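Structure here, sequence nowhere to be found:
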Ligand code: 9D3
């Protein structure tokens with residue numbers, strides 16, 4: 001998969017050089033290019049924003065540099081890209097949307113800033129408008145990185161253990177169970193005895209019960225009751241709620 005990111009802050013994208021994403025780039029599974037929007041301005045002042053028509057506070061990002069950047073990125077490319085505009089007005093990023101984007105060979109992400117972007121960028125350029133959640137950020141750079149992270153995990157080979165992608169929360173609609181490693185006792189806190197028992201069936205049942213209880217208590221919105229097995233229902237009925 002190829003991802004091009006257009007931004008006025010190209011220097012902030014170093015997180016995409018490390019860990020799972022950095023390794024996927026080294027292995028050629030993911031090709032990411034960062035483009036400085038100012039390189040696509042024409043005037044001597046390299047101006048990317050201007051005052052809003054109709055008045056009001058703040059500045060609006062000009063349309064021409066975005067169109068010029070996308071023209072440059074698309075040059076010599078045959079497949080039409082998905083062009084994502086990051087915006088508080090966008091569709092919420094979900095597991096399902098990330099999975100859909102991962103099937104695309106080419107994404108272009110346009111990072112918004114200031115009070116907003118000239119509407120003609122959305123109308124004439126964007127195929128998608130995406131928000132990462134209902135809280136106010138200062139721009140689209142962190143959202144662009146979040147979109148890349150969430151999407152790249154679904155590109156085959158990016159995450160080493162495919163079963164961990166498949167089993168992750170949200171796929172199953174359940175939160176994860178608690179994890180422990182050595183030592184068995186730390187500052188008076190003990191690892192649950194069942195995990196030390198070597199009884200694999202008992203461990204599996206305990207983990208499943210933990211997932212069900214945690215989801216019911218913390219994220220009841222995720223729990224799809226109709227998707228629960230007979231065993232799940234028994235584990236939930238037997239659950240000691242209010243503890244976790
Ligand atoms: C102070 C300006 N606000 C007036 C109602 C609107 C506004 C414009 C631009 C608020 C935030 C931003 C910058 N944010 C993004 O560009 C952004 C964002 C976000 O703030 N939250 C969640 N997802 C996203 S994607 C892009």
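Yes, it's here. Small disclaimer: the values here were computed from a predicted structure and weren't measured.

quick one: buried residues of the lowest-mean-pLDDT helix or strand in the chain?
Ranked by mean pLDDT, DSSP states H and E, the weakest helix or strand in the chain is helix 162-167, scoring a mean of 77. Within helix 162-167, the residues that qualify as buried by neighbour count (16 or more other C-beta atoms under 10 Å) are residue 165. C-beta: built from backbone N, CA, C; applies to glycine.

what's that helix packed up against?
Secondary-structure packing of helix 162-167 (3 or more C-beta pairs under 8 Å, 6 or more residues apart in numbering; DSSP states H and E): no helix or strand packs against it.

outside of it, which residues touch it?
Outside of helix 162-167, the residues that reach it under the criterion C-beta atoms under 8 Å, 6 or more residues apart in numbering are 153, 154, 156, 159.

give the contact list for the first one.
Applying C-beta under 8 Å, 6+ apart, we find residue 153 in contact with 20, 98, 102, 159, 165.

and if we set it to 7 Å?
Contacts of residue 153 were listed using C-beta atoms under 7 Å, 6 or more residues apart in numbering, and they are 159, 165.

how far away is it from the ligand?
Spatial separation of residue 153 from the ligand under the definition C-beta to the nearest ligand atom, to the nearest Å is 19 Å.

For that residue, report the pLDDT, please.
Looking at residue 153, its pLDDT reads 96.

Could you list every helix and strand in contact with the lengthiest strand in the chain?
Longest among the strand segments of the chain by residue count, using DSSP state E, is strand 82-92. The criterion is 3 or more C-beta pairs under 7 Å, 6 or more residues apart in numbering; DSSP states H and E, and the helices and strands that strand 82-92 contacts are strand 106-110, strand 128-131, helix 141-152.

If I take that strand and helix 141-152, what angle do their directions form?
Angle of strand 82-92 versus helix 141-152, following axes from the mean of the first three to the mean of the last three C-alpha atoms, to 10 degrees, is 100 degrees.
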